[in-house]
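Visitor: here you go, sequence then predicted model.
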Amino acid sequence: MRPLYLFLKYFLKYPLWVYYPRLITVNKPKRRFARTIFASNHAASFMDPLVVAQCQPPIVFFMTRSDVFTPILKPILWASHMFPIYRDIDGENTKEKNENVFRKCYRILKYGRSLLIFSEGFTDDVFIRRLKPVKKGAVRIGFGALEDMDWAKKVYIQAVGVNYSDPNTIGSDIVISNSDPICLNDYRQKYIDDPNKTIYDLTKLVETKMREQITDVRKKEWAGTHEYIMRLTKKGMNAVDTDKSIPLIKRWQYSKDLADWMNSQELDEKVEMVSLREDLKAYFDLLKKEKVEEKHVDAIINKKRSNARVKLYFALLWPFAILGLIHNYLPYKFIKNFVEKSFRRKVFWGSVKMTLGVVAIGIFNLLFVFLGYYLIYPSWFIWIGYFFTVAPLSGMIAYGYFNKIKDHKKYKITFKKDLSEIVALRESLLERINQIIPVA
């Protein structure tokens, strides 16, 4: 295990916990030396390798697009267990370059390490709960490794599904689900008889197993309807409109079951579903027009919010929020503006903000360590402890505190509005959802 990889594997636990405080792994692999190819979906670009590698025990090496291996980044990426994979657009001799990379992969598997491959090959520009076609590379590498070691050791392939409520929203949820592993050695004779067919068949099997681990809305044009239904029922994995008193596993299962039911229907031919889709969109368009949020409408209807509790929250936490503002606001604001201006595709925002934010906030807060040591009390032990505890924890409190202020202001404005039209439409939609959709 290379030092930088080791550092990142354990150091990233804290920022990931800040970003995704509710994170569950299903059927987690137990062995650190697994000799397994983990074939994962690719829902959130750079965030996916950070999440999967950090939250599961096996030591993994990553396959990464070659264009990020610039002269400056190449040593860092190598130290982070990353290998380049070359595409046709990357210039000449891509096949030969990839063969060299594959030989390194064979060596990794031979000595008990594992590979993490994002088998879809690309990420949607906007986060969508779906599985794109799975590529053959993972299975091909597995059989290549077995041939290279003359089938002397067992090599496995395991489908991984990464499920986000929203990869770019701090405070979101994640469920990482692993299928049972497939032992490629069991297919030795089939591979010898017909390698191309065996690779194709096993890729389809991996795709099926991966689909079972995630919410997969097959028809992209119905993905918005799936999200609207989750937002209204509060039972699914939407990042904002969800009932967090329901266990995360149940909300994940609801999201999957709803998608599976939708996939089993001829939705475009069902008049009631087409009508429901149009009315759901009209409802959320109305909320947007009126500058009202669904969570506030739900809170007002069901009397979920206590003003006394909110006031107590503001009264008790304001000193910590101010401290967090001092320690974190300037680097946070700088990184936020930099990332959103530099990366057009929002799918990159969450991962880049998190990694750069950790570095920027850490460097900024070193100033307070030295100021504390020289101006207040000369103890490195105290101020380094302060650096790792008070500074980041107060930052979390400040982020939640000031978001809560904004949210409460919006809630009070909503409370004063005439919501009769919105409430009537909402109740009608919920009734129709419960009548039409069996999993609702």
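Guide: On my side now, so go ahead.
Visitor: what helix or strand is Val134 on?
Guide: Assessed by DSSP states H and E, Val134 sits outside every helix and strand.
Visitor: again, but for Gln253
Guide: helix 248-264.
Visitor: who touches Gly112 in this structure?
Guide: Taking CB atoms under 8 Å, 6 or more residues apart in numbering, we find Gly112 in contact with 33-35. Glycine gets a C-beta too; all of them are placed from N, C-alpha and C.
Visitor: now Phe127: closest residue in space that isn't a chain neighbour?
Guide: Pro167 (6.0 Å; CB to CB, 6 or more residues apart in numbering).
Visitor: distance of the one you found relative to Tyr14?
Guide: Note on Pro167: its distance to Tyr14, by CB to CB, to the nearest Å, is 18 Å.
Visitor: Lys234 too?
Guide: 30 Å.
Visitor: who has more neighbours out of these two?
Guide: Set Lys234 next to Tyr14 and count neighbours by other CB atoms under 10 Å: Lys234 wins out with 19 against 12.
Visitor: and the spatially closest residue to that one that is not a sequence neighbour, what does it touch?
Guide: Nearest residue to Lys234, sequence neighbours excluded (CB to CB, 6+ apart): Asp243, at 4.1 Å. Going by CB under 8 Å, 6+ apart, Asp243 touches 234-235, 251.
Visitor: next one: Ile24
Guide: 174-176, 248-249, 252.
Visitor: got CSV for the contacts of Asp243, with pLDDT too?
Guide: What follows is these, written out as CSV (pLDDT from 0 to 100):
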residue, pLDDT
Lys234, 96
Lys235, 95
Arg251, 97
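Visitor: adding distance to Asn98, write those residues out as a markdown table.
Guide: Putting the contacts of Asp243 into a markdown table (distance: CB to CB, whole Å) gives the following:
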| residue | distance to Asn98 |
| --- | --- |
| Lys234 | 47 |
| Lys235 | 44 |
| Arg251 | 40 |
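Visitor: quickly name whichever of the residues you listed is closest to Glu421.
Guide: Nearest to Glu421 among the contacts of Asp243: Lys234, at 21.0 Å, using CB to CB.
Visitor: which stretches of the stretch 51-200 of the chain form helices?
Guide: Using DSSP state H, counting those that start in this stretch, the helices of the stretch 51-200 of the chain run over residues 74-79, 94-110, 137-148, 188-193, 195-212.
Visitor: quick one, which of these gets closest to Gln56.
Guide: That would be helix 195-212 among the helices of the stretch 51-200 of the chain, by CB to CB, at 15.3 Å.
Visitor: for the very next helix or strand once past that closest one, name the packing helices and strands.
Guide: Elements were assigned by DSSP H and E; along the chain past helix 195-212, the next helix or strand is helix 223-233. With contacts taken as 3 or more CB pairs under 8 Å, 6 or more residues apart in numbering; DSSP states H and E, helix 223-233 sits against helix 248-264, helix 271-290, helix 420-436.
Visitor: how about JSON lines for those helices, with mean neighbour count added?
Guide: Conversion of the helices and strands packed on helix 223-233 to JSON lines gives the following (neighbours: other CB atoms under 10 Å):
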{"stretch": "helix 248-264", "mean neighbour count": "19"}
{"stretch": "helix 271-290", "mean neighbour count": "14"}
{"stretch": "helix 420-436", "mean neighbour count": "14"}
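Visitor: which one of those helices lies nearest to Tyr401?
Guide: Short answer: helix 248-264, nearest of the helices and strands packed on helix 223-233 by CB to CB, at 24.2 Å.
Visitor: gap between stretch 192-207 and the chain center?
Guide: 29 Å (CA atoms, centre = their mean, to the nearest Å).
Visitor: could you pull up the mean pLDDT of it?
Guide: Averaged over stretch 192-207, pLDDT sits at 97.
Visitor: buried sites along it?
Guide: For stretch 192-207, burial by neighbour count (16 or more other CB atoms under 10 Å) applies to 198-199, 202-203, 205-207.
Visitor: again, but for stretch 304-314
Guide: In stretch 304-314, counting by 16+ other CB under 10 Å, buried: 305, 310.
Visitor: what do you get for stretch 341-350?
Guide: 347-350.
Visitor: ok, now stretch 146-154?
Guide: Within stretch 146-154, the residues scored as buried using 16+ other CB under 10 Å are 146, 148, 151.
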